[in-house]
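Student: The sequence and its predicted three-dimensional model are supplied below.
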Amino acid sequence: EDKVVQSPLSLVVHEGDTVTLNCSYEVTNFRSLLWYKQEKKAPTFLFMLTSSGIEKKSGRLSSILDKKELSSILNITATQTGDSAIYLCAVGAGAGSYQLTFGKGTKLSVIP
Amino acid sequence: EPEVTQTPSHQVTQMGQEVILRCVPISNHLYFYWYRQILGQKVEFLVSFYNNEISEKSEIFDDQFSVERPDGSNFTLKIRSTKLEDSAMYFCASSPGGTQYFGPGTRLTVL
């Protein structure tokens, strides 16, 4: 059975701090790893990673995949209260239509 | 920016009733999905749909569930006889192949 594990499950930081969120996976026929941000409802797409060692960046967020270690990290620098959300890691695997297996998420709370 | 839309945003139904949840995927996307998230739990895959047929489904997607793309734009999930444990947020997603974009969800409450 495919498995995605995220850590920590929750995190409280002060504005301006840098955080690192972790995701590890055990899946058959890995195809990609995706990060989503979930605030009130729908997961909002952040990054899709397919190649090891290539960092993807968007503003203060960045992410990198390590296929050897079967893991990924999501970094957020200079955190703001608007970064407070649940961050979901999902892995696309198998042949065919690419269903996603999600982790439980990391709940990030940024306090002023 | 195009986005996936879902209706209704909240549906309350009695146990045993049929419900239909509706989604309009992003146009020109080829793959369509339904996921659900029971309160406090992980997002779980239900079914994927490509080329007018189901391509994969999970163990959750039993005979009580069906999906349809009745026209060129809508994608529906039907639950024939709802159970209490079907109460969850149901997300539709669409993809051109690769990244999946999620709709805002329908909260289904079964009483």
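Tutor: The structure has been received and is ready for your questions. Numbering: from 1, shown residues only, chains lettered A, B, ... in the order given.

Student: contacts and neighbour counts: CA atoms only from here.
Tutor: Fine.

Student: Tell me how many other residues crowd the closest residue to chain B within chain A.
Tutor: In chain A, the residue that lies nearest chain B is residue A:42 (4.5 Å; C-alpha to the nearest C-alpha). By the measure other C-alpha atoms under 10 Å in any protein chain shown, the count of residues near residue A:42 is 20.

Student: just checking, it touches residue B:106?
Tutor: No - Residue A:42 is beyond contact range of residue B:106, at 9.8 Å (criterion: C-alpha atoms under 8 Å).

Student: Give the intersection of the neighbour lists for the two.
Tutor: When contacts are counted by C-alpha atoms under 8 Å, 6 or more residues apart in numbering or on different chains, residue A:42 and residue B:106 are jointly contacted by residue B:91.

Student: ok, and the closest non-adjacent residue to the residue of chain A closest to chain B?
Tutor: In space, and not counting its chain neighbours, residue A:42 is closest to residue B:104: 4.5 Å by C-alpha to C-alpha, 6 or more residues apart in numbering or on different chains.

Student: what does the model give the residue of chain A closest to chain B for pLDDT?
Tutor: Listed pLDDT for residue A:42 reads 84.

Student: Distance of it relative to residue B:19?
Tutor: 21 Å (C-alpha to C-alpha, to the nearest Å).

Student: Count the neighbours of the closest residue to chain A within chain B for me.
Tutor: Nearest residue of chain B to chain A: residue B:104, at 4.5 Å (C-alpha to the nearest C-alpha). Residue B:104 has 23 neighbouring residues, counting by other C-alpha under 10 Å.

Student: List the contacts of it.
Tutor: Residues in contact with residue B:104, defined by C-alpha under 8 Å, 6+ apart, are A:41, A:42, A:43, B:4, B:5, B:6, B:9, B:91.

Student: which of those residues sit farthest apart?
Tutor: Farthest-apart pair in these is A:43 and B:9; separation 15.1 Å (C-alpha to C-alpha).
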